[in-house]
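Asks: output the structure for:
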Amino acid sequence: MKNACIGLLFVLLFHAGVWGHSVNVLIAKHVPRVNLSFSQNYAIVIGKNFYGPISSQNQLRLTSGADGIRLTVRNAQTKVHKNLGASKGPIFLVRSLGPGINFNWPKPLSSLKKQPLPPFLKWQQFPSQKGAFVSFRHPSYGDTITYNGPLTLFAKKGINIVETAELENYVTHVVNCELGSESSLHALKAQSVIVRTFALYMVQNRLESRQQGNPNWKFFQLLASPADQAYNCRKRANDQELPSDLVKKAARETAGLVLLKKNALAKVQYNTGSAKNLPKGVISQDDIIRKAHAGQTYTAILRAAVPGSKVGRYNPSALCTQALKTLFQQKK
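Replies: All right, here's what the predicted structure looks like:
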């Protein structure tokens, strides 16, 4: 596993400029089993080897056991299935393995077998490409949620699923969860800046914690639940309940903007309720909405909400690349 990690890290560093703006989000924790459905053809990468390309018609069943995560590929139409064994190391679910492998020509289940990863592998699937990739019935939300991926699976007290999400896509879907029905563009812009600041601050904080030996943030930096920020909380199967055009516009027009204090990421928290009813330092979403509807701009709202701060640009490339490297530093 170590040699494979070194090779993947080389590719990671070589392509850092292409996929530096991604975050690792824990979207499911300690689940005993899960069935994944795909909207695009995919491959399964384990260590130095891969299975695929696999047709999107073939579902993937994952089961936690003493030997790690057991994998079974099953054709949804014919019910034919194939067991691929188990892995205690990380499992990557990807939609591309570079130009040498044509994903438009998936292999039949009967001939699906382990293959060595191609030389000079280009991980074009990082960061998340646009468009739906994989979906499953989420144990917390009780509904089918669709993710752009790619996904990394870790065996630890069950199955842990991490999405490497493109940062701005992550911001858009958190804003959708928080203020998706809001009609004020400036309220949504303020929320976008807060969400982005919170995410990057937590990534930074947890990477530092990991370096100090804290095992909690070994292979991810953000929780997809309200414990951090509610991410992708609405059903997206069949392109239903996607963020509104206004939410997308707010995230797009504030892309790269965060709250800074002394040129460093500001520590921000937010919640519903008016400022007078919240703990000191917690940003009031109700006040943001009220001020936006009264005609205040998002920058003015944020400066008042976080005294001593300013809205400025922040390049997350180095931070996000460091976070992404953690996926490749796990040992069996």
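Asks: what comes into contact with stretch 39-56?
Replies: Residues from elsewhere that reach stretch 39-56 (C-beta atoms under 8 Å, 6 or more residues apart in numbering): 1, 3-4, 7, 38, 60, 71, 73, 75, 84, 87, 89-95, 97, 101-107, 112-117, 131-135, 146, 332. In short, each C-beta sits where N, CA and C put it, glycine included.
Asks: sorry, wrong one. I was asking about stretch 277-291.
Replies: Residues outside stretch 277-291 that contact it (C-beta under 8 Å, 6+ apart) are 178-179, 182, 184, 187, 190-191, 194, 268-275, 300-301, 304-306.
Asks: so how do I select the buried members of the residues you listed in ChimeraX?
Replies: Applied in ChimeraX, the following selects the buried portion of the contacts of stretch 277-291 according to 16 or more other C-beta atoms under 10 Å:
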select :178,179,182,184,187,190,191,194,268,270,301,305,306
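Asks: narrow the contacts of stretch 277-291 to those in strands?
Replies: In this view, those that belong to strands under DSSP state E are Gln269, Tyr270, Asn271.
Asks: for Ile91, what are its contacts?
Replies: Shown in contact with Ile91 (C-beta under 8 Å, 6+ apart): Ile44, Val45, Ile46, Ile69, Leu71, Thr152, Leu153, Phe154.
Asks: wait, doesn't the last one sit right on Phe92?
Replies: No - assessed by C-beta atoms under 8 Å, Phe154 is found out of contact with Phe92, at 10.7 Å.
Asks: walk me through which strands the lengthiest strand in the chain pairs with, and which way each runs.
Replies: Criterion DSSP E: the longest strand present in the chain is strand 22-31. Note on strand 22-31: by DSSP bridges, its sheet partners are strand 159-166 (antiparallel), strand 222-223 (parallel).
Asks: buried set for that strand?
Replies: Buried, per 16+ other C-beta under 10 Å, within strand 22-31: Ser22, Val23, Asn24, Val25, Leu26, Ile27, Ala28, Lys29, Val31.
Asks: identify the bridge partners of the second one.
Replies: If I follow you right, that is Val23. Counting by DSSP bridges, Val23 is bridged to Ala165.
Asks: any of the contacts of stretch 39-56 buried? List them.
Replies: Counted by 16+ other C-beta under 10 Å, the contacts of stretch 39-56 give 1, 4, 7, 38, 60, 71, 73, 84, 87, 89-95, 97, 101, 103, 106-107, 112, 117, 132-135, 146 as buried.
Asks: which of those fall in strands?
Replies: Among the buried ones among the contacts of stretch 39-56, the members found in strands (DSSP E) are 38, 60, 71, 73, 84, 87, 91-94, 134-135, 146.
Asks: could I get those as a markdown table with distance to Ala318 and pLDDT?
Replies: Converted to a markdown table, these look like this (distance: C-beta to C-beta, whole Å; pLDDT from 0 to 100):
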| residue | distance to Ala318 | pLDDT |
| --- | --- | --- |
| Phe38 | 32 | 96 |
| Leu60 | 34 | 97 |
| Leu71 | 34 | 97 |
| Val73 | 38 | 97 |
| Leu84 | 36 | 96 |
| Ser87 | 31 | 95 |
| Ile91 | 27 | 94 |
| Phe92 | 23 | 93 |
| Leu93 | 26 | 95 |
| Val94 | 24 | 91 |
| Val134 | 29 | 94 |
| Ser135 | 32 | 92 |
| Thr146 | 30 | 89 |
